[in-house]
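J.: Quick check, what structure comes out for this input:
(chains A and B)
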Protein chains: 2
Amino acid sequence: MEKNNKILNSRLNQNKNYIERELKRILSDIAAPKVLKEVMFYAVLNGGKRIRPFIISEVSSLYKVKFSVFKYPAMAIEMAHCFSLIYDDLPCMDDDDLRRGKPSVHVKFGEANALLGGASLLTYAYNILASSKFSIENKNKINLINNLSNAIGHKGMLAGQFLDLEAENPNKKPTIRKFNNIQEKKTGLLIAFCCYAGGYIGNATKKELEALYEFGLILGRIFQITDDILDKEGTQELLGKKVNKDEEQNKATLIKIKSLDFAKSELEKFTLKAKRKLLLIDKNTEVLSVLIDFLCSRSS
Amino acid sequence: MEKNNKILNSRLNQNKNYIERELKRILSDIAAPKVLKEVMFYAVLNGGKRIRPFIISEVSSLYKVKFSVFKYPAMAIEMAHCFSLIYDDLPCMDDDDLRRGKPSVHVKFGEANALLGGASLLTYAYNILASSKFSIENKNKINLINNLSNAIGHKGMLAGQFLDLEAENPNKKPTIRKFNNIQEKKTGLLIAFCCYAGGYIGNATKKELEALYEFGLILGRIFQITDDILDKEGTQELLGKKVNKDEEQNKATLIKIKSLDFAKSELEKFTLKAKRKLLLIDKNTEVLSVLIDFLCSRSS
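T.: Coordinates of the predicted model:
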């Protein structure tokens, strides 16, 4: 497993370099006012792990899709993700001063600039998917645009953040069912979209697309549970943000609703479930299987 | 002119009814969490004049485009516009407690909900343009999506709001040139997109599309100058918001940089300019000409 993690780490870093070069290039070209552009740069080129672009990359690669093609949905999703990080950190949301060891966007640039920069990134994600340089058929671009909106909007990530804030009640634990619904919307749908998009631009079969989407949902769950465990067991140094923050904010987490042991057993359960999904895909999916273990064992 | 205004008022109201029925229908169907859906309803069905959908309607009608087609860009733009109103009113932006005589969205629902509802509306605008029910070719949908993003994003409306806040300096008046650039981005580009979109889905010629776009930019200018004059000369009762707000906030307005008389003479100049643009369109554009006078003489 350690050897696998090493290989995966090297692939992850390679992909991170590639995608960051593209993000830098595309952001350098935009005609935004000086400081607004700085906000966008700061929010995107912030040392992120680029897990989402990596997932698209790995799924696309199963279908022999080239970087010059999958980089478009990868960048669009990363922009949308960075938009969500800006918003999550705002005082009226999770009120985080630090993000990956650096001042959050609103701390560095002020709230108004954070909001305008965030919305600019979200808007730009659509420019990227609608770009004439993204060489897939127009009807397929429309499909991706629709699905990105669904993953982000009022029934996606934004709904998840809304429900998460609504559930912040020190006197009332949400039910497991409600909690899972929040997590799926907040994290799962965008990761599921990454898996789907990778297969979709690779002309995966309908059955495979369904399996990829569900695999993504489970991956999202794994990601979230690991996050919760790290918030409990991690260190500020490794995480680049305060630990035990969930507790302070009365955030519903699996650990709080059940227990740390329960969270760990769920993680095991979802790991097996994710690996079973991969059997439905008629490709060599070993790298995705390694990705699951990698996500479970991450320390930041 | 009074008779013309009467006719235009009646058309405006008719179109407002049609488009609001559609907005209500489409928002009723969304699967958002209860309160998030309420935020979106409150922000959109807020008694707006629906000038932007009306502009699309009038331009589309020159080209015999049916309501069942132009309602899609009309709704998308109105969603994007309502998103911008939520953001403009926030404490960190223009800090307005009232919007059309009612509490602003953040006052009614709190800041977090205002932000999430606003971003949901923006995201939904793309779902509407990408909808399979919108019966234009996919390549044309892609074009509209790209142009909407340009009108809203880091070089459009969001850039305008950014520059407007940046220019809020009591000790430094912006130059006329800088001021015009802010206004064009903040208001002009979205109105220009309305004019363009109406012609585009009606298969207008390239020359006409250019003229429509420029006509829209001038219309935006007229709209903004009238707004500034109303802020100076209007009443809270008619406007549904505080007057003399620009002054209090050290907002750059044409009146402040130059004078009320100058603003009025600019309004006249732009009126003539807009009417001249209409001569480049090989259709009966009288209703657009009446629209210009109507916008100049509005009292709210």
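
J.: I'd like the distance from stretch A:251-268 to the chain centre, please.
T.: 20 Å (C-alpha atoms, centre = their mean, to the nearest Å).

J.: Where does the prediction get shaky in chain A?
T.: A:1, A:170, A:234-250, A:300 (pLDDT under 70).

J.: Kindly recompute the last result at 80.
T.: Scanning chain A for pLDDT under 80 picks out A:1-2, A:169-173, A:234-252, A:298-300.

J.: Next one: the residue sitting furthest away from the middle of it from chain B, what distance?
T.: Farthest-out residue of chain A from its mean C-alpha position, per C-alpha atoms, centre = their mean: A:Asn171, at 30.0 Å. Per C-beta to the nearest C-beta, to the nearest Å, A:Asn171 is found 19 Å from chain B. To be clear about C-beta, it is placed using only N, CA and C from the backbone, and glycine gets the same treatment.

J.: Which parts of the stretch 1-150 of chain A are strands?
T.: Ranges of strands in the stretch 1-150 of chain A, per DSSP state E, counting those that start in this stretch, are A:98-99, A:102-103.

J.: Need the residues that contact the last one.
T.: Read that as strand A:102-103. With C-beta atoms under 8 Å, 6 or more residues apart in numbering or on different chains as the contact definition, strand A:102-103 has outside contacts at A:46-47, A:97, A:108, A:240.

J.: Between those, which sits nearest chain B?
T.: Ranked by distance to chain B (C-beta to the nearest C-beta), the contacts of strand A:102-103 are led by A:Lys108 at 14.4 Å.

J.: so the residue farthest from the centre of chain A, which of the three states?
T.: Assigned with DSSP: H, G, I helix; E, B strand; the rest coil, A:Asn171 falls in the coil class.

J.: sorry, back to before: deepest-packed of the strands of the stretch 1-150 of chain A, please.
T.: Ranked by mean neighbour count, these are led by strand A:98-99 with a mean of 20 (mean count of other C-beta atoms under 10 Å in any protein chain shown).

J.: What strands line up against it, and which way round?
T.: Using DSSP bridges, the strands paired with strand A:98-99 in its sheet are strand A:102-103 (antiparallel).

J.: just how off-centre is the strand it pairs with within its chain?
T.: From the chain centre to the centre of strand A:102-103 is a distance of 20 Å (C-alpha atoms, centre = their mean).

J.: Repeat that for stretch A:131-144.
T.: For stretch A:131-144, the distance to the chain centre is 22 Å (C-alpha atoms, centre = their mean).

J.: What residues sit buried inside it?
T.: Neighbour-count burial for stretch A:131-144, counted by 16 or more other C-beta atoms under 10 Å in any protein chain shown, picks out A:131, A:134, A:136, A:138, A:141-144.

J.: again with stretch A:26-38
T.: A:26-27, A:30, A:32-33, A:35-37.

J.: again, but for stretch A:176-189
T.: A:179-189.

J.: next one: stretch A:123-131
T.: Across stretch A:123-131, burial judged by 16+ other C-beta under 10 Å covers A:123-131.

J.: Are it and chain B in contact anywhere?
T.: Yes: counting by C-beta under 8 Å from any C-beta of the partner chain, chain B is contacted by stretch A:123-131 at A:123-124, A:126-127, A:130-131.

J.: then that stretch to CSV, C-alphas only?
T.: C-alpha atoms of stretch A:123-131 as CSV (Å, rounded to 0.1, in the frame of the first residue of the first chain):
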residue,chain,number,x,y,z
THR,A,123,-19.0,32.5,-14.0
TYR,A,124,-15.7,31.8,-15.6
ALA,A,125,-16.2,28.1,-15.2
TYR,A,126,-19.0,28.4,-17.7
ASN,A,127,-16.8,30.3,-20.2
ILE,A,128,-14.3,27.4,-19.9
LEU,A,129,-16.9,24.7,-20.6
ALA,A,130,-18.4,26.8,-23.5
SER,A,131,-15.0,27.6,-24.9
